[in-house]
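Asks: Sequence and computational prediction follow.
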Amino acid sequence: MIGTLRGRLLALFFLVSLIPSLGLTFFVTQYLARGLAALKNPETERALTQSLEVIRGGIERLASDARQHAEVMALDPATRRLLLPTRGAELERYLREEARSRGLDYVCLYRIRGDVGRIFGARLGPRITLPQPERESILDALVHGGLVSGDDAPRQVSGVAALDNDRAILTGYQLDPEISSEIVALQRNLSMYKRLGVYTWLSQRSLWIFAVLWSLVLGVVSFGLAYLVSKGIAKPIVALREGMAQASQGDLTHRVKPSGTSEVRFLAASFNRMVEEIQTSRRALLRAERLAAWREVARAVAHEIRNPLTPIQFALQRLRDEARREPPRAEVVAENTEAILREVHSLQEFATAFSAVAQLPEPKFAPCDLAGLVEDAAKLYDGSSPVEFRVEVERPVPLAWADAGQIQRVIVNLIKNATEVVGDRGVVTLRVRREAAFEGTGVHLEIEDNGPGMDAVTLERATHPGFTTKSSGSGLGLTLVQRIVEQHGGRFGLESSPGVGTRAWLTVPAAPNSIEDGA
């Protein structure tokens, strides 16, 4: 492609547009990589992590302290004495005072059997809120001894201890809202810093990959722009080249529209004139070829007419000489008259064949039993010729869609040619079968002889009008056969080898929805 004008223009524009873009991409990538590397500071991440761990450690200590208070209050003998249902109010007052004396912010009594729920709760300070844990949280806290309410922003730290089989004590502390806000802020900052660290880590390793991908995108865009620009410049020259290619392939109707620079327009106009001159020369050559073909036909016709005129002349001369005798001999008159009639009949056959080749009548299509026509023709020749005839029909054979009269003429002509070349001890084989490989379905006929065969040159000229290898004949028989088969939309062919024989074959379409049930 680089060897063409368009290819060179495309490469030039592509490099001119891509090289500055690649340089800018390299510079920006290097700058961003250094800036991202400066954002990563391990000391900052360490300080944030330690601050968060200190706060969480304080919360854990509060949770442990609350759990200890809950367990001591649950095991206190004074509490045990108040477990009777009739002393519930006294138990609540005792728990409230005990929690206040221990510096707790709240104390709650929970039912832990059946429907878990709070029985009572006491807030022991201003702006204190009671925790509202779910059933699963209370049951889990009995196993682990405590719970923290508020998820990422903890509000209460509680300790839980079982009072008996039905109830549990929950005590705890309410955290300062600033501590909760500080925890949330530290977690958010630490998470953001970790993400920044991951981004920096990935960026340092993938930024060049991105640069490569971006360079590919720039390359595609640059190539597209270069393609459009080069196409606009080279389009007239490419059109001229395509016109030359079509002209070299035989299409002389193509013309190139002059466009582009004055030099290119001149080349296009010169090309159009050259093509017109070649087209005019070709028409003259075709006329000369047709004239030569008609001259060849005329020579063949003259030859075929001149051949029987000589024996007719001789026969008439003998009749004239015999007429001078007194009396004329009847056997001589009969012999010469028969010769004249025979040669006249030959001329009539030639005229009929030549007329048929020149203008065949339109076939009258109808379902036609090709196998039956072949069998009848073989019987006729088998009774009047020493040649051995073999008929092979592969049934079932569909009916042909053809003119029976014209197809019969084809069969007789091919059989006549075969019998004339095989001699008295020859064999002619006729085969009929269904042809599934034809367009749709067809009927295939072969006529094969074991005669001397033909060489490649003779085989190529066998269907030419006026060509014959026999001492007598018009040379129009196979031409007539080929014309009839083509009129029927079929195919005709000859295959022959010297010393082996000749096989003539034809295939014609089958009649629609028609199948012959062969025996």
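Replies: Noted; the coordinates are in hand. Numbers count the residues shown, from 1 in each chain.
Asks: okay, CA-based contacts and neighbour counts for the rest of this
Replies: Fine.
Asks: Work out the gap between stretch 445-456 and the centre of the chain.
Replies: Averaged C-alpha coordinates place stretch 445-456 at 45 Å from its chain's average position (CA atoms, centre = their mean, to the nearest Å).
Asks: mean confidence score for it?
Replies: Averaged across stretch 445-456, the pLDDT comes to 91.
Asks: and the strand or helix carrying residue 281, what's its mean pLDDT?
Replies: Using DSSP states H and E, residue 281 maps to helix 262-323. Helix 262-323 shows a mean pLDDT of 71.
Asks: and residue 49, what pLDDT?
Replies: 76.
Asks: what's the answer for residue 199, then?
Replies: Listed pLDDT for residue 199 reads 58.
Asks: which regions of the stretch 101-250 of the chain sit below the pLDDT cut-off?
Replies: For the stretch 101-250 of the chain, the stretches with pLDDT under 70 are 150-153, 180, 187, 190, 193-208, 211, 214, 222-223, 225-227, 229-234.
Asks: let's see it at 80
Replies: Residue ranges of the stretch 101-250 of the chain with pLDDT under 80: 144-146, 148-154, 176-250.
Asks: And the strands in it, which stretches?
Replies: 106-111, 117-123, 146-149, 156-162, 167-174 (DSSP state E, counting those that start in this stretch).
Asks: Out of those strands, flag the one nearest residue 433.
Replies: strand 146-149 (95.3 Å; CA to CA).
Asks: In the closest one, which residues are buried?
Replies: 146-149 (16 or more other CA atoms under 10 Å).
Asks: circling back to that earlier point, in JSON lines: the strands of the stretch 101-250 of the chain, plus distance to residue 409.
Replies: Formatted as JSON lines, those follow (distance: least, CA to CA, whole Å):
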{"stretch": "strand 106-111", "distance to residue 409": "116"}
{"stretch": "strand 117-123", "distance to residue 409": "113"}
{"stretch": "strand 146-149", "distance to residue 409": "110"}
{"stretch": "strand 156-162", "distance to residue 409": "115"}
{"stretch": "strand 167-174", "distance to residue 409": "119"}
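Asks: And the ones you listed: which comes nearest residue 390?
Replies: Nearest to residue 390, of those and by CA to CA, is strand 146-149 at 108.4 Å.
Asks: so how many other residues sit close to the closest residue in space to residue 169 that isn't next to it in sequence?
Replies: Nearest non-adjacent residue to residue 169, counting by CA to CA, 6 or more residues apart in numbering: residue 109, 4.9 Å away. Using other CA atoms under 10 Å, residue 109 has 22 other residues around it.
Asks: same thing with the one 3 residues further on?
Replies: Applying other CA under 10 Å, we find 20 other residues in the vicinity of residue 112.
Asks: Could you list everything residue 368 pairs with in the sheet?
Replies: Judged by DSSP bridges, the bridge partners of residue 368 are residue 400.
Asks: mind checking how far it is from residue 270?
Replies: 59 Å (CA to CA, to the nearest Å).
Asks: just residue 55 next, same as before
Replies: Distance from residue 55 to residue 270, by CA to CA: 93 Å.
Asks: same deal with residue 116?
Replies: Between residue 116 and residue 270 the computed distance is 103 Å (CA to CA).
Asks: Likewise for residue 375?
Replies: The value you get for residue 375 to residue 270, if CA to CA is used, is 65 Å.
Asks: burial measure for residue 495, as a count.
Replies: For residue 495, the count of nearby residues is 15 (other CA under 10 Å).
Asks: Counting neighbours around each, name which of residue 368 and residue 270 comes out higher.
Replies: residue 368 (19 against 14).
Asks: hang on, the more buried one packs against residue 404?
Replies: Yes: the pair residue 368 / residue 404 is scored as a contact, 5.9 Å apart, by CA atoms under 8 Å.
Asks: hey, what's the closest residue in space to residue 64 that isn't next to it in sequence bridged with?
Replies: Closest residue in space to residue 64, ignoring its immediate chain neighbours: residue 159 at 7.2 Å, by CA to CA, 6+ apart. On the basis of DSSP bridges, residue 159 is bridged to residue 146, residue 171.
Asks: correct me, but residue 159 touches residue 170?
Replies: Yes: counting by CA under 8 Å, residue 170 is a contact partner of residue 159 at 5.7 Å.
Asks: Quickly list what's touching both of the two.
Replies: Both residue 159 and residue 170 are in contact with residue 70, where contact means CA atoms under 8 Å, 6 or more residues apart in numbering.
Asks: Tell me which of those two has more neighbours.
Replies: Applying other CA under 10 Å to residue 159 and residue 170 shows that residue 170 carries more neighbours, namely 30 against 27.
Asks: need the contact list for the residue nearest to residue 64.
Replies: 63-70, 141, 145-147, 170-172.
Asks: what about it, distance to residue 123?
Replies: 15 Å.
Asks: Using TSV, lay out the buried residues of strand 146-149 together with distance to residue 463.
Replies: Shown next, in TSV, are the buried residues of strand 146-149 (distance: CA to CA, whole Å):
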residue	distance to residue 463
146	111
147	108
148	107
149	107
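Asks: For residue 416, which of the strands of the stretch 101-250 of the chain is the nearest?
Replies: Once the strands of the stretch 101-250 of the chain are compared by CA to CA, strand 146-149 is nearest, at 114.3 Å.
Asks: which helices and strands does the closest one pack with?
Replies: In terms of contacts (3 or more CA pairs under 8 Å, 6 or more residues apart in numbering; DSSP states H and E), strand 146-149 is packed against helix 42-75, strand 156-162.
Asks: Among those, show me which one is buried the most.
Replies: strand 156-162 (a mean of 27; mean count of other CA atoms under 10 Å).
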